[in-house]
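Engineer: Build the 3D model from these lines:
(one chain, ligands or ions: 2)
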Amino acid sequence: MHWYLLLFVCILICSTWVSNVTADAPYFVSAHDLAVLSSIRLNNELYEIYLSSAEVRGMQKIRVLVPRDYATTGANRRYPVLYLLHGAYGGATDWTMAADAQTITSNASLITVMPNGDSFGWYTNWISPAEAAPQNWRTYHMEKLVPWIDANFRTVATKEGRAIGGLSMGGFGAIRYAQQYSTNFSYTFAFSGALDLLDSRMQQTILNTPYNGKPFLGPFGSPLEPLGLNGWFAQDPITHASSLRTLNVALYTGNADSLELIIRDANNRLRQALSSLNIPLYFNDYGNGQSIGYGCDGTHSWPCWKATLIDVLPRVMAVLQQQ
Ligand SMILES: *[C@@H]1O[C@H](CO)[C@@H](O)[C@H](O)[C@H]1NC(C)=O
Ligand SMILES: *[C@@H]1O[C@H](CO)[C@@H](O)[C@H](O)[C@H]1NC(C)=O
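Structural biologist: Ligands and ions are numbered 1, 2, ... in the order given. Presented below is the predicted three-dimensional model:
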């Protein structure tokens with residue numbers, strides 16, 4: 001008799017406990033042509049998820065930070081989303097491991113999504129992927145991953161609830177995605193962004209990166225193609241400056257090494273293009289880093305991108321809508 005009573009009580013309590021656990025933890029499902037391969041919860045706020053997509057070759061890692069109160073605020077509370085893109089030679093773990101994005105965003109009511117974009121994927125659908133096909137990074141990120149995130153997290157799934165930013169190659173990616181999906185994002189920022197694809201010094205820098213056996217003319221083709229066929233022209237952020245008209249834009253650059261000097265020129269050119277179109281911009285040239293602090297020395301390096309993430313976050317949060 002006692003034994004049955006105990007079992008009955010346990011069924012009541014244990015099942016409540018189990019349903020609480022499943023209600024609290026995001027339960028990831030395949031959707032929008034993305035298959036969930038596996039996921040782990042690295043700590044209370046940080047998830048690492050492996051996806052596969054027909055748009056890009058191989059397993060795709062993403063990291064997602066949820067707000068501290070995500071598990072307890074209930075089914076009707078929705079949060080805005082920040083997409084953070086990594087740079088060349090990087091991956092999905094960079095922002096949390098090299099810039100401590102978890103601590104920096106820890107007080108924000110925000111979901112932060114950090115996708116893999118391949119070490120040299122350039123956030124574009126490659127013109128000539130050859131045997132590395134498919135390399136449709138834009139389609140994967142913008143047409144598949146964004147709606148997958150909205151299907152798997154309690155997001156504000158509108159322009160007003162989305163921001164996208166990144167560093168270096170990822171700064172280029174963020175500005176290009178914002179230009180091509182201007183109805184889906186309200187804020188975009190680039191830290192040391194590779195923003196002028198028509199600058200031959202930037203073309204050389206990009207063409208000199210190791211493509212790990214993939215064709216180095218893959219992302220944009222040859223810069224010598226006529227303009228009409230030229231992927232560098234087609235994907236150039238400055239050429240498409242007017243597409244940023246409905247967004248808030250922030251650009252950050254330093255000046256303390258040779259790469260950052262090329263990048264500063266590019267940032268100044270986008271600044272001029274936006275200014276001639278009367279598109280508002282927050283522009284921060286922190287020079288040798290002293291004005292922005294946190295150990296930034298003005299070079300193309302993580303202490304600066306950590307400092308700029310700290311600086312940009314309240315600007316982004318002031319614009320993004322909560323629900
Ligand atoms: C978060 O808020 C706590 C309490 O107000 C504060 O001590 C901490 O410095 C904040 N952290 C960040 C990264 O802003
Ligand atoms: C992006 O905006 C377009 C046009 O408003 C809309 O059709 C599309 O569903 C949006 N995408 C997402 C992922 O919200």
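Engineer: Helix or strand with the lowest mean pLDDT in the chain?
Structural biologist: Lowest mean confidence among the helices and strands of the chain (mean pLDDT, DSSP states H and E): helix 2-24, at a mean of 45.
Engineer: downstream neighbour of that one in the secondary structure list?
Structural biologist: Counting by DSSP states H and E, the next helix or strand C-terminal to helix 2-24 is strand 34-41.
Engineer: on contacts alone, who are the packing partners of that following strand?
Structural biologist: In terms of contacts (3 or more CB pairs under 8 Å, 6 or more residues apart in numbering; DSSP states H and E), strand 34-41 is packed against strand 46-53. The way it works is simple: take the backbone N, C-alpha and C, and place the C-beta from them, glycine included.
Engineer: so what strands line up beside the strand it packs on?
Structural biologist: Sheet pairing for strand 46-53, assigned by DSSP bridges, gives strand 34-41 (antiparallel), strand 56-65 (antiparallel).
Engineer: isn't Lys306 right up against Gln102?
Structural biologist: No. Using CB atoms under 8 Å as the test, Lys306 is too far from Gln102 to be in contact (11.9 Å).
Engineer: and the strands paired with strand 46-53 as JSON lines, adding mean pLDDT?
Structural biologist: Formatted as JSON lines, those follow (pLDDT from 0 to 100):
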{"stretch": "strand 34-41", "mean pLDDT": "96"}
{"stretch": "strand 56-65", "mean pLDDT": "97"}
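Engineer: Near ligand 1, which residues of this protein are found?
Structural biologist: Residues of the chain found near ligand 1 (CB under 6 Å from any ligand atom) are 103-104, 106-107.
Engineer: Please identify which of these is nearest to ligand 2.
Structural biologist: Nearest to ligand 2 among the residues of the chain next to ligand 1 is Ile104, at 25.6 Å by CB to the nearest ligand atom.
Engineer: Please, which helix or strand holds Gln102?
Structural biologist: If you go by DSSP H and E, Gln102 is part of helix 101-104.
Engineer: Quick one: mean pLDDT for that helix?
Structural biologist: Helix 101-104 shows a mean pLDDT of 98.
Engineer: gap between that helix and the chain center?
Structural biologist: The chain centre lies 15 Å from the centre of helix 101-104; the measure is CA atoms, centre = their mean, to the nearest Å.
Engineer: helices and strands around it, which ones?
Structural biologist: With contacts defined as 3+ CB pairs under 8 Å, 6+ apart, helix 101-104 has these neighbours: helix 302-319.
Engineer: Tell me the buried residues in the helix it packs on?
Structural biologist: 302-313, 316-317 (16 or more other CB atoms under 10 Å).
Engineer: for the residue lying closest to Gly170 once chain neighbours are set aside, phi and psi?
Structural biologist: Among residues not flanking Gly170 along the chain, Leu85 sits closest, at 3.2 Å (CB to CB, 6 or more residues apart in numbering). Phi and psi for Leu85, reported as degrees, to the nearest 10, are phi -100, psi 140.
Engineer: residue in the stretch 1-150 of the chain nearest to ligand 1?
Structural biologist: Asn107 (3.8 Å).
Engineer: Would you confirm that that residue belongs to a strand?
Structural biologist: No. Assessed with DSSP: H, G, I helix; E, B strand; the rest coil, Asn107 is coil; it does not lie in a strand.
Engineer: got the contact list for it?
Structural biologist: Residues counted as contacts of Asn107 (CB atoms under 8 Å, 6 or more residues apart in numbering) are Arg68.
Engineer: surely Asn212 meets Ser119?
Structural biologist: Yes. Asn212 is within contact range of Ser119, at 6.7 Å (criterion: CB under 8 Å).
Engineer: Check the gap between the residue lying closest to His86 once chain neighbours are set aside and Gly171 for me.
Structural biologist: Once flanking residues are discounted, His86 sits nearest to Asp94: 4.3 Å by CB to CB, 6+ apart. To Gly171, Asp94 is 13 Å away according to CB to CB, to the nearest Å.
Engineer: Of those two, which one has the most company?
Structural biologist: The neighbour comparison of Asp94 against Gly171 (other CB atoms under 10 Å) goes to Gly171, with 31 against 22.
Engineer: give the contact list for that one.
Structural biologist: Counting by CB under 8 Å, 6+ apart, the residues that Gly171 touches are 85, 87, 165, 189-195.
Engineer: and it, what helix or strand is that in?
Structural biologist: Counting by DSSP H and E, Gly171 is part of helix 169-180.
Engineer: quick one, that helix and helix 302-319 angle?
Structural biologist: In terms of direction (axes from the mean of the first three to the mean of the last three CA atoms, to 10 degrees), helix 169-180 departs from helix 302-319 by 30 degrees.
Engineer: Right, I'll call it a day here.
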